[in-house]
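Dropping the sequence and predicted coords here.
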Amino acid sequence: MCGLAGELRRDGSRADVAAVERMAATMSDRGPDDSGVWAQGPTALGHRRLKIIDLSAASGQPLVDPGAGLAGVFNGCIYNYRELRAELQAKGHRFFSSGDSEVVLRAYAEWGLDFVDHLIGMFAVAISERDTGRLVLARDRLGIKPLYLAETPGVVRFASTLPALLAGGGVDTGVDPVALAHYLSFHSIVPPPRTILRGVTKLPPATVRVYEPDGRTSERVYWDPAFTRATERAGWSDKDWQDALLESLTTAVRRRMVADVPVGVLLSGGLDSSLVVALLAGEGQRGLSTFSIGFDSVGGRE
């Protein structure tokens, strides 16, 4: 879970650390295990941590790398962080923790704005460059981890939740009529960058946005699937598609077996959840805890 927050001042003043602390404090339920705030000049970062990977204090955030001149906050899980860690170590990077958060920061130090192309997982991240004053925000390909923004003249604030952003103050809370029309539609979804509030936007999925200290802003969409059938699969049989689906599901389950805490599954007894449990067992997961809600006859909990 975790939760991040931050502020970038573009009016020549120092960051409002108290506002960032307020924003981070509202996310204590998302990150009850640890908290931290970092500030330097116009930038401040806050974080609430839920210990999932690397349970030691070494993975506490915000993470700061004085040698690379970087500070960052991260929310999510990088499934390939072990492989990336080994790759970065081979390139000369040294690590002080065994978590995925530091891998994200080292990946940025190595590949710059292209770091997202190397990450497999769900994430929202904010990275501040000490020497340039640049702030970089990024989200995962599917937009699983949210990142809300409130931009007013001279100030950019961001947070993992809408209540956290509002806790910073100064947000226009009027209803966006276009967003409301989307919300009242059949799907009840407000597409990015809009939210239900006029003064709040959200960073779109698969997007890297850069805020320069001189006021310029740029962004890149790093993943845009075509959703067309590959020509090499045109002749596939039903069995071919079944095998490919099973391989994809198995890969997805295997990637998620990276936590340093016990794994649990909400087991309804239906096909989807039962299949996940079977795949986890097939991949060697032991001590798996399952939870069934409302099934009294089988000892479920209400």
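Received the coordinates, thanks.

what ranges do the strands span in this protein?
3-9, 34-40, 43-49, 63-65, 70-78, 121-129, 135-139, 148-152, 155-159, 201-202, 207-211, 217-221, 264-266, 289-291 (DSSP state E).

for the first one, packing partners?
Strand 3-9 is packed against helix 17-25, strand 43-49, strand 70-78, strand 121-129, strand 155-159, helix 162-167, with contacts defined by 3 or more Cβ pairs under 8 Å, 6 or more residues apart in numbering; DSSP states H and E. Any C-beta I mention is one placed from the backbone N, CA and C, and that applies to glycine too.

so which of the strands of the chain gets nearest Leu113?
Among those, strand 207-211 comes nearest to Leu113, with 5.6 Å by Cβ to Cβ.

Can you give me the domain assignment for this structure?
For the chain, the TED database gives the domain ranges 3-221, 231-291.

hmm, back to that, now mean pLDDT too, for the helices and strands packed on strand 3-9, in a markdown table please.
Below are these laid out as a markdown table (pLDDT from 0 to 100):
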| stretch | mean pLDDT |
| --- | --- |
| helix 17-25 | 98 |
| strand 43-49 | 98 |
| strand 70-78 | 97 |
| strand 121-129 | 97 |
| strand 155-159 | 97 |
| helix 162-167 | 97 |
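
So which of those is the most surrounded?
Most buried of those, by mean neighbour count (mean count of other Cβ atoms under 10 Å): strand 43-49, with a mean of 28.

re the thing from before, worst mean pLDDT among the domains of the chain?
Among the domains of the chain, domain 231-291 carries the lowest mean pLDDT, a mean of 87.

how far does that domain stretch from start to finish?
In domain 231-291, first residue to last residue: 42 Å (Cα to Cα, to the nearest Å).

I'd like the helices and strands packed on strand 3-9 as a markdown table, with distance to Leu135 appended.
Conversion of the helices and strands packed on strand 3-9 to a markdown table gives the following (distance: least, Cβ to Cβ, whole Å):
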| stretch | distance to Leu135 |
| --- | --- |
| helix 17-25 | 13 |
| strand 43-49 | 6 |
| strand 70-78 | 10 |
| strand 121-129 | 5 |
| strand 155-159 | 7 |
| helix 162-167 | 16 |
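
wait, what's in contact with Arg48?
Arg48 is in contact with 2-4, 24-25, 27-28, 30-32, 34-35, counting by Cβ atoms under 8 Å, 6 or more residues apart in numbering.

How much space separates it from Arg157?
With distances taken as Cβ to Cβ, to the nearest Å, Arg48 is found 16 Å from Arg157.

same check, this time on Ser13
14 Å.

Then Gln89?
35 Å.

repeat for Arg22
11 Å.

overlap in contacts of those two?
Gly168.

Could I get the contacting residues of the residue lying closest to Val276 once chain neighbours are set aside?
Sequence neighbours aside, Val265 is the residue nearest to Val276 in space, at 5.8 Å (criterion: Cβ to Cβ, 6 or more residues apart in numbering). Going by Cβ under 8 Å, 6+ apart, Val265 touches 273, 276-277, 280, 288-291.

same thing but at 6 Å, please
Listed by Cβ atoms under 6 Å, 6 or more residues apart in numbering, the contact set of Val265 reads 276-277, 290.

Quick check: beta-bridge partners of it?
Thr290 (DSSP bridges).

17 is where my numbering starts, stick with that
Renumbered: residue one is now 17, and that last one reads Val281.

how close does it sit to Arg302?
Val281 is 13 Å from Arg302, where distance means Cβ to Cβ.

now do Pro221
Distance from Pro221 to Arg302, by Cβ to Cβ: 34 Å.

between those two, which one's more packed in?
Neighbours were counted for Pro221 and for Arg302 using other Cβ atoms under 10 Å; Pro221 has more, 18 against 8.

residues in contact with that one?
For Pro221, the residues meeting the contact criterion (Cβ under 6 Å, 6+ apart) are 155, 158-159.

One more pass at 8 Å, please.
Pro221 makes contacts with 155-159, 208, as judged by Cβ under 8 Å, 6+ apart.
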